[in-house]
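K.L.:
model this:
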Amino acid sequence: MEIIHQKTIQTPLGEMIACATDQGICLLEFTDRKNIEKQLKALSKQLKAEIIEKEHIHFQQLEKELKEYFEGNRSRFEVPLLTTGTEFQEKVWQLLREIPMGEIRTYRQQSELLGNPKAIRAVGTANGINKIAILIPCHRVIGSNGELVGYAGGIWRKQKLLELEKAILF
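P.N.:
Next comes the predicted model:
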């Protein structure tokens, strides 16, 4: 059976669980996220792999890049990622990675950029099941009314991440 490496990482916004395979980081979530155990089981099933608390070379790069990010010295992440979603989810997550630091978009704007303006809820759902927090910046998407909505790590963390990135909210 394949192995997914797992490690707990401390950040200024709380403890996070990171998972990695040789292909890249496949999960980065706050440990207090609702249903984190369910998410880990689903990841294990998707990748047909056992999750084991064990060091991995990708964690060294991840921790270095997160440290630089929280210090305000990194605007792009280069650690390899392994995403596991449907074709639509993969498109949504790729679009998220294209939002520059310091900018925000609405769910409506994201659905329009995907070429499907009516897919606002589907875009929101795909954002919500993103398993790689911060690196795939779903926190940069807000409601059309300018409200901070829908962040599994907690709205207060979304606010802090946007403040760190100096995003101008409307």
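K.L.:
neighbouring strands - and their directions - for the longest strand along the chain?
P.N.:
The longest strand of the chain (DSSP state E) is strand 2-11. Applying DSSP bridges, strand 2-11 is found paired with strand 14-21 (antiparallel), strand 49-53 (parallel).
K.L.:
neighbouring contacts of the shortest one?
P.N.:
What that stands for is strand 49-53. 1-7, 19, 21, 40, 43-44 (CB atoms under 8 Å, 6 or more residues apart in numbering). Every residue, glycine included, has its C-beta placed from N, CA and C.
K.L.:
do the same with stretch 85-102
P.N.:
Contacts of stretch 85-102 (CB under 8 Å, 6+ apart): 75-76, 83, 105, 110, 113-114, 122-123, 126-127, 129-130, 132, 136-138, 140-141, 165-168.
K.L.:
buried ones only from those, please, as a PyMOL command.
P.N.:
Those of the contacts of stretch 85-102 that count as buried under 16 or more other CB atoms under 10 Å are selected in PyMOL with:
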select buried, resi 83+105+110+113+114+122+123+126+127+130+132+136+137+138+140+141+165+167
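K.L.:
and the contacts of stretch 85-102, which of them are in strands?
P.N.:
Short answer: the contacts of stretch 85-102 in strands (DSSP E) are 105, 141.
K.L.:
just the pLDDT at the spatially most central residue of the chain, thanks.
P.N.:
In the chain, the centroid-proximal residue (CA atoms, centre = their mean) is residue 133; its distance is 2.3 Å. pLDDT, residue 133: 96.
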